[in-house]
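*Asks:* requesting a structural model of the entry that follows:
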Amino acid sequence: MSMGTVSSSQLKQTLVLLFAIHLLLPSIQATSVKYCDNKGNYDVKILGVEISPDPVVAGKPATFNISASTGKSISGGKLDIYVYFFSVIVHKETHDLCEKISCPVEGGSFFLSHTQTLPGFTPPGSYTLKFIMKDKNDDQLSCASFNFKIHLGDLVSDN
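*Replies:* Next up, the predicted model:
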């Protein structure tokens, strides 16, 4: 065997290995956020969303971390969360905003975190989570949505 043949064979093995790793590892993608008014004319701007695990696994806890910024002081309010499956609301909940963020926020960057365990019988597929932040005067601070996927818990190994 010449060096050219060995190197070509090694290159093929490496490409096959890289392709297999790509198929086996979950893809890491930025979660795209869409403002409700399509312009984002809100006091609170959404900087990013991180979902863990991604995709969400039915019957296991999922955490949604939202990084945001504001120039407005926030000393209280509420957070409405809506979950849609095929454009139908399948879940709704309301929280005290200060349970989800560290109040008061005097301006600048902050994080909002929400963890929830979805029932094991939750159908797999694509979902949309919409959230509306309101201040203590019930004025809307932000309204945005993002998509996420749910997989069945039985299909994912606990290892």
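*Asks:* check contacts around residue 104.
*Replies:* Each residue near residue 104 by Cβ atoms under 8 Å, 6 or more residues apart in numbering is listed here: 73-75. Using the backbone N, CA and C atoms, a C-beta is placed for each residue, glycine as well.
*Asks:* could you say which of those is surrounded by the most neighbours?
*Replies:* residue 74 (21 neighbours; other Cβ atoms under 10 Å).
*Asks:* can you pull the poorly scored residue ranges out of the protein?
*Replies:* Residues of the chain meeting the criterion pLDDT under 70: 1-30, 153-159.
*Asks:* that one: strands as residue ranges?
*Replies:* 33-35, 44-52, 56-57, 61-70, 77-85, 88-96, 108-117, 125-135, 140-151 (DSSP state E).
*Asks:* tabulate the ones you listed (CSV), appending distance to residue 102.
*Replies:* Compiled in CSV, the strands of the chain are given as follows (distance: least, Cβ to Cβ, whole Å):
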stretch, distance to residue 102
strand 33-35, 21
strand 44-52, 14
strand 56-57, 25
strand 61-70, 12
strand 77-85, 13
strand 88-96, 13
strand 108-117, 7
strand 125-135, 14
strand 140-151, 15
